[in-house]
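A.B. asks: quick check, what structure comes out for this input:
(one chain, ligands or ions: 1)
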Amino acid sequence: MTTVSNDQLVAMLRAMMRIRCSEESLAKRYPEGEMRTPTHFSIGQEAMAVGVCAALKQDDVIYSGHRCHAHYLAQGGSLLGMVGELYGREIGCARGRGGSVHLNSPEVGVMASAAIMGETIAVAVGSAMAFAMDRSPRVAVTFFGDGCVEEGIFHESLNFAVVKKLPVLFVCENNFYSVNSPLRLRQPPDLAIHTRATSYGLPAQQVDGNDVVAVYEAATTAVHHLRAGNGPYFLEGLTYRWREHVGPLFDTDQGVRSQRELDFWMEQCPIKRASARAQASGACTELDLRRWWKEFGQEIDAVVEQVRNSPFPKPENILDGTY
Ligand SMILES: Cc1ncc(C[n+]2csc(CCOP(=O)(O)OP(=O)(O)O)c2C)c(N)n1
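C.D. replies: You can find the predicted model right below:
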């Protein structure tokens, strides 16, 4: 029994479509060589970002890692700021100095994204500690991949958050790969990530990470738990990245992932599934979908144009923000 209204479903569907459309467009342009930043696309994983962020309030905060485009946009980061960052322009959200892995927008709660695996997990726990000390109802969310579960900081952070009963939601996007290493070769078989998380003494749940409604509902339960002062919560979503680890290409010819596996997950496309659901419930029509794809296509084209006509940082202040 779903708790999601047609308006909410449409809002989440449109948010996923906007992320997909923007990333597809950037991936297509990437070979032009104007984006001089390693870029990790979220294509295929949009439901996790959108479902979780839809359960948050404006003054909650999120943290992300290297695959941060979807999280940044889902929480309300500006597309101009993201594209500007990828093109290394002063108009970028990190003034063109950070690139794709350092998207941030504190004014909407995107506090930081960083490429060192797991480091923002601990920083999110720090934000949650500040909220708890202030007796504030705000919550912190940290998004990370299955690979980060193998980092020491992950284990320290879960332990500390439980001991201090902090309002932090750990969101593991399990896409089954860490670069080219499959999960089954890296972690104990038959012992799911969320099951291991429970050993730290916090509630943990696994969800279909390609079903935006399921993600939203699980995140809503989790956030309710956090705001009630019950300590941290762990959410594992099963999902899949369609493109290579870093870069715009498909990699099924590299001997790691099979075309059959990719095809299976493309069938599970979160946007396809949410579109079917929205149409079945009368929330939108085929025509609406076509209109929205066009709308988002025009938006990203205009933003790219604006960015390409905007200035690079000046050499004399390129070191601003370094310590
Ligand atoms: C501490 C650390 N070790 C290694 C790397 C190199 N590295 C970058 S991304 C990545 C894999 C990340 O996998 P996962 O956390 O599952 O996220 P995904 O890329 O699947 O989204 C690795 C090993 C790094 N950035 N930081």
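A.B. asks: ok, now how distant is Gly88 from Ser178?
C.D. replies: Taking CB to CB, to the nearest Å as the criterion, Gly88 is separated from Ser178 by 27 Å. Where you see a C-beta, it was placed from the backbone N, CA and C, and this is true even at glycine.
A.B. asks: with Gln206 instead?
C.D. replies: In terms of CB to CB, Gln206 sits 18 Å off from Ser178.
A.B. asks: tell me if His155 really is in a strand.
C.D. replies: No: counting by DSSP: H, G, I helix; E, B strand; the rest coil, His155 falls outside a strand, being helix.
A.B. asks: and for Leu26, nearest residue in space, chain neighbours not counted?
C.D. replies: Leu86 (6.5 Å; CB to CB, 6 or more residues apart in numbering).
A.B. asks: shouldn't the one you found be in contact with Met35?
C.D. replies: Yes: under the criterion of CB atoms under 8 Å, Leu86 makes contact with Met35 at 4.7 Å.
A.B. asks: what about these two, which has more around it?
C.D. replies: Higher neighbour count among Leu86 and Met35: Leu86, with 24 against 21, using other CB atoms under 10 Å.
A.B. asks: stretch 227-239: which residues count as buried?
C.D. replies: Within stretch 227-239, the residues that count as buried by 16 or more other CB atoms under 10 Å are 227, 231-239.
A.B. asks: near the ligand, which residues of the stretch 1-150 of the chain?
C.D. replies: 66-67, 115-117, 144-148 (CB under 6 Å from any ligand atom).
A.B. asks: just the buried ones from these?
C.D. replies: Among these, those buried by neighbour count (16+ other CB under 10 Å) are 66-67, 115, 117, 144-148.
A.B. asks: got a list of what the residue of the stretch 201-323 of the chain found nearest the ligand touches?
C.D. replies: Closest contact between the stretch 201-323 of the chain and the ligand, by CB to the nearest ligand atom, is at His245 (5.7 Å). Contact partners of His245, counting by CB atoms under 8 Å, 6 or more residues apart in numbering, are 40, 177, 179-180, 251.
A.B. asks: just checking, it is part of a strand?
C.D. replies: No: using three-state DSSP, the secondary structure at His245 is coil, not a strand.
A.B. asks: overlap of the contact sets of Leu86 and Met35?
C.D. replies: Common contact partners of Leu86 and Met35 (CB under 8 Å, 6+ apart): 26, 100.
A.B. asks: what's the helix or strand for the residue minimising distance to the centre of the chain?
C.D. replies: In the chain, the centroid-proximal residue (CA atoms, centre = their mean) is His71; its distance is 3.4 Å. Under the criterion of DSSP states H and E, His71 resides in helix 69-74.
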